[in-house]
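Visitor: Starting from these lines, generate the structure:
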Amino acid sequence: MFYMKLYKIIQALLIVLYAFMVVFFIYQCLKDGNSSAQISDSVANKVADVEKTITHKDVVVDDNYKFNIRKLIGHFGYFTAFGLVSIFLFISLREVRSNIVKISLHYFLGIGFAFISEFLLEANAKGRTASITDVGIDSLGFVLASTLVVIIYLIILLIKRKKIDNNVLQEEK
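Guide: Below you'll find the model as predicted:
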């Protein structure tokens, strides 16, 4: 009983977090180019400060550094986090029995969201353009994180199935 309540609470939190991430990213995609650039510059400066603190070396925060940070954190990092939340949410959907359906829907929606965020949202925001490279970076973060979780999940399922099969074999003896 306790575990079922905990399961439902975790599932509700995943739904809320998933929805929040979608809304937050849509909001970020609709920002004009100048606002987006200011946020990227601020994040790059903070990352440089952390890097300088760790390495005790000066960090040159030029356009190339800002570009790489924007791609790593703003695209790859966000979609990695989104992929993790999404895959845990879809795996938790016990109402859908087929793991293939759940996992396929997860990948379809995540990669679809990468396309929508670039070609529908950012492409229509003032001072911004769509980029197939950004879709690729987004999708890569989403797929890598998700696939790692899926592999671990499938290994757990196989181990459970093997234990059940072994128990059945021993009971038949």
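Visitor: CA only for contacts and neighbour counts going forward, please
Guide: OK.
Visitor: now for the lengthiest helix in the chain, which elements pack on it?
Guide: As assigned by DSSP state H, the longest helix anywhere in the chain is helix 132-172. Helices and strands touching helix 132-172, by 3 or more C-alpha pairs under 8 Å, 6 or more residues apart in numbering; DSSP states H and E, are helix 78-92, helix 99-116.
Visitor: Could you export these as CSV, including distance to Y153 and mean neighbour count?
Guide: Below are the helices and strands packed on helix 132-172 laid out as CSV (distance: least, C-alpha to C-alpha, whole Å; neighbours: other C-alpha atoms under 10 Å):
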stretch, distance to Y153, mean neighbour count
helix 78-92, 9, 21
helix 99-116, 10, 17
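Visitor: Can you lay out these as a markdown table showing mean pLDDT?
Guide: Converted to a markdown table, those look like this (pLDDT from 0 to 100):
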| stretch | mean pLDDT |
| --- | --- |
| helix 78-92 | 97 |
| helix 99-116 | 95 |
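Visitor: Could you list which residues are in contact with V43?
Guide: Residues counted as contacts of V43 (C-alpha atoms under 8 Å, 6 or more residues apart in numbering) are I69.
Visitor: what helix or strand is it on?
Guide: V43 is part of helix 33-55, with elements assigned from DSSP states H and E.
Visitor: Past that helix, which element shows up next along the chain?
Guide: Moving toward the C-terminus from helix 33-55, the next helix or strand (DSSP H and E) is helix 63-69.
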